[in-house]
Structures are given as structure tokens and as C-alpha cells.
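Trainee: This is a predicted model, with the sequence first.
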Amino acid sequence: MTAIHLDAVRKSFGTFDVIKGVDLEIDPGEFMVFVGPSGCGKSTLLRLISGLEDITSGTLAFDDKIVNSLTPSQRGIAMVFQSYALYPHMTVFDNMAFGLKLAKGDAGEIKRRVHKAAEMLQIGAYLDRLPKQLSGGQRQRVAIGRAIVRDPKVFLFDEPLSNLDAALRVQTRLEIAKLHASMHETTMIYVTHDQVEAMTLADRICVLRDGIVEQVGTPLELYENPQSIFVAGFIGSPKMNFLTDKYAQTYGAHTLGVRPEHLQISQKDGTWDGKLILAENLGSDTYLYIDIGAKDPLVVRQDGTARQQPGERLFISPINNNIHRFDQSGRPAAHS
Ligand SMILES: Nc1ncnc2c1ncn2[C@@H]1O[C@H](COP(=O)(O)OP(=O)(O)OP(=O)(O)O)[C@@H](O)[C@H]1O
Ligand SMILES: [Mg+2]
């Protein structure tokens, strides 16, 4: 089991600073997810940990050992990318065995490891096929299998599901969750844009913003106690509603944050009132967009049976235990 320590890690490409001083402790066997807006440095940070990219300054240690100058293979890491890049002329078995054969492993041992990984990922029936005879999800599982057989100490994923369609994403996400459960000795870091992946897979989530760590915590800690407007707006989908001016001042805040699921609707009375602009019915949920005169319409989550019509006047009240108050700097305001 490997703990990963980042201490004041920085990365610049020429004069362009991408990672601006990251301190982070990843526990042995932990599943850590990196999220953040496009371009904030998620892939770069992952590549620094992998050894594919050099660290400009700071230290990276695996357990007690500083690994700054070790190659990826010396670090014992394996990485799975968005594009799975299998060898098209090789069978699934040979694709998975390739790295081990290069390392001149014992043939019987290679076979055992490939079969074990294939079983774990439910691709055992496809070992004789070529990649073009597989679906996208199956190919991505082969790429994951190719990494597993090397028995890495640290497993890194960079948006491995983003090329898959919605149904395959769900299925492959479950495979990755099972994989984490069965490889509990392996520390995993996973980069994603996807809220559901982050919330469901992570032991802890690290929210990055413009090359720095904004907040690290369990999915529920980030959801319930975001330490900034940025994290509050980033975690949760649809995103948290933010209100300022008189709407926030009543609550002693510069900005008031309320999630769509923490607003109640009434036809008779409530804290705010407004006109329904749009009702999005997704079957399981309905999202109501209500203009209460604030800068943006309020988004309210109702269950799928909600049948309000655009134009209707509605009253909306936040559930008091679930409001978030922020001060002018975007940090949690002291309760008044
Ligand atoms: N080799 C490079 N040379 C110069 N700039 C780079 C290099 N690699 C990345 N960058 C820049 O560093 C910044 C962070 O890139 P990175 O790929 O880490 O972002 P990301 O958070 O993974 O984004 P995305 O979510 O879009 O994948 C970007 O502005 C990018 O243009
Ligand atoms: Mg990236």
C-alpha cells in the first residue's frame, strides 16, 4: 500500500505556471478523485505523479521515498487514459500481456495474471478477439486490464470513461468501483469532469482551481460543507442557486446558496414568489426554473410527478437547515 505526499509541488511550462503549489496527502489504498474546470491542471498534476512530466519544484514522495526523479516504471504506477490506444493487430490477450512480455515475465505467470484481470473486468470471453471486434466499453476495460496485470502500486486514470456513451459509462463506472473494492491495496487517482463519477467513486475528492487545491474532502463533506462559493457551485448537479442583494441580506449573507433539492414549492405562500419560466421533466425529476426577480432564475428540483405549467405563480422557500451563507470573499460567513 502506497501513500502519496505532495509538498509545494509546482509545474511551469516555460514561463507559464500551471500547478502553483500543491500540498496533498493521499492515503494508502485511497480512491482520490481530481475534479475542476477544464484547464485547471488535473491532467498535469496526474502526469507529475506518474512521472510522465517533470516537477518544476517541490517534492513528491511515495511513502517515505522521494520519487521526483524516478521514471514511471520505477514508481510502480500504471495509467489509463481517455483514448485506450490498444494495438489493433493484437488480440485482447496479447494487448494485455504485452507489457509483461516486454519485461520478460514467465509465460505461465503472464497467462495467470491476464486471465485473472480479464475475469475481474468480465472480458474473459473476448481474449481471442481483436480490438475492432469489441465495443468501446469493452476496449476501455481491456486498457484497464492491461494496467492491472502489471500489479501497480498506484493506479492513475485520466477521464477513462469520457469517450463512452451514457449506458456504457454507467456500466464501466460500476466495473471501476468493483475494481477498487477488489484492489484495496492499490492507491487510485482518478480525473473526471463527471459529477456522478466523482461522487460515487471517490473516497475523497480534490477540487482544483487554476493550479491550486481549493478543497479536499469526502463527497458528502464537499456537498454539505463547501468552503467556498467555487466548490459549492462546482459540486452538485444541477448546481447550487446563488442569490445576492436583498435575498441574501435577509439571511445575513453577502451570497446565499441553496441547492435545487433544498427548495420547497407552494401555491399559497413562501419566502419568495415568482413566475415559472420552464419545467424540464426528466421522468424521475422535474427541474423548475422560476424568475423571482433575482439575477438568475431559481432552479428547483421536484419529483417527476410535478405538473406545474410555465406562467404559473409559485412561492418558494428554502429549507432552513440547508442554506449556505457566504461572505464577500466567497468564504462561509459566520452565522448571525
Ligand atoms: N506540455 C504543455 N506545454 C504547455 N502548456 C501545457 C502543456 N500541457 C498542459 N499545458 C497547459 O496547462 C494547463 C492545464 O492543462 P491540463 O491538461 O492539466 O488541464 P486539465 O485540468 O486536465 O483540463 P481538461 O479538463 O480540459 O482535460 C492548460 O492551460 C494547458 O494548456
Ligand atoms: Mg485533462
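Mentor: That came in fine, so what should we check first? Ligands and ions are numbered 1, 2, ... in the order given.
Trainee: Now do the same contact list for P219.
Mentor: Neighbour list for P219: A198, M199, T200, A202, R204, I205, I235 [criterion: CB atoms under 8 Å, 6 or more residues apart in numbering]. No exception for glycine: its C-beta is placed from N, CA and C like everyone else's.
Trainee: meant to ask about G330
Mentor: Counted by CB under 8 Å, 6+ apart, G330 has contacts S228, I229, F230, T255.
Trainee: and it, backbone torsions?
Mentor: G330 adopts backbone torsions of phi 90, psi 10, taken as degrees, to the nearest 10.
Trainee: ok, now T56?
Mentor: Residue torsions, per degrees, to the nearest 10, at T56 are phi -70, psi -50.
Trainee: Could you look up the SS state of the residue nearest the centre of the chain?
Mentor: Nearest residue to the geometric centre of the chain (CA atoms, centre = their mean): A198, 3.2 Å. Assigned with DSSP: H, G, I helix; E, B strand; the rest coil, A198 falls in the helix class.
Trainee: gap between it and ligand 1?
Mentor: 13 Å (CB to the nearest ligand atom, to the nearest Å).
Trainee: I'd assumed F31 was in contact with that residue.
Mentor: No - here A198 lies out of contact with F31, judged by CB atoms under 8 Å, at a distance of 10.5 Å.
Trainee: Now do the same contact list for A61.
Mentor: Per CB under 8 Å, 6+ apart, neighbours of A61: I4, H5, D7, V67.
Trainee: on that earlier part again, make JSON lines out of the contacts of P219 and add pLDDT.
Mentor: Output for these, formatted as JSON lines (pLDDT from 0 to 100):
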{"residue": "A198", "pLDDT": "95"}
{"residue": "M199", "pLDDT": "94"}
{"residue": "T200", "pLDDT": "94"}
{"residue": "A202", "pLDDT": "97"}
{"residue": "R204", "pLDDT": "98"}
{"residue": "I205", "pLDDT": "98"}
{"residue": "I235", "pLDDT": "94"}
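Trainee: List only those of those flagged as buried.
Mentor: A198, M199, A202, R204, I205, I235 (16 or more other CB atoms under 10 Å).
Trainee: Show me what the fourth one is bridged to.
Mentor: Beta-bridge pairing of R204 under DSSP bridges involves M32.
Trainee: Might you name the residue of the stretch 201-336 of the chain sitting closest to ligand 1?
Mentor: L208 (6.9 Å; CB to the nearest ligand atom).
Trainee: Please identify the residues of the chain in proximity to ligand 1?
Mentor: Neighbours of ligand 1 within the chain, by CB under 6 Å from any ligand atom: F13, F16, V18, G36, S38, G39, C40, G41, K42, S43, T44.
Trainee: Of these, select the buried ones using a PyMOL command.
Mentor: Restricted to buried positions by 16+ other CB under 10 Å, the PyMOL selection for these reads:
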select buried, resi 18+36+40+41+42+43+44
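Trainee: Of the residues of the chain next to ligand 1, just say which sits nearest to I277.
Mentor: S38 (28.5 Å; CB to CB).
Trainee: Distance check, that closest one against I205.
Mentor: 17 Å (CB to CB, to the nearest Å).
Trainee: cool, and G137?
Mentor: Taken as CB to CB, the span from G137 to I205 is 24 Å.
Trainee: Same question for Y247.
Mentor: Taken as CB to CB, the span from Y247 to I205 is 29 Å.
Trainee: same deal with T218?
Mentor: From T218 to I205 the distance is 7 Å (CB to CB).
Trainee: One more: Q328?
Mentor: With CB to CB as the criterion, Q328 and I205 are 26 Å apart.
Trainee: Then D94?
Mentor: Distance from D94 to I205, by CB to CB: 37 Å.
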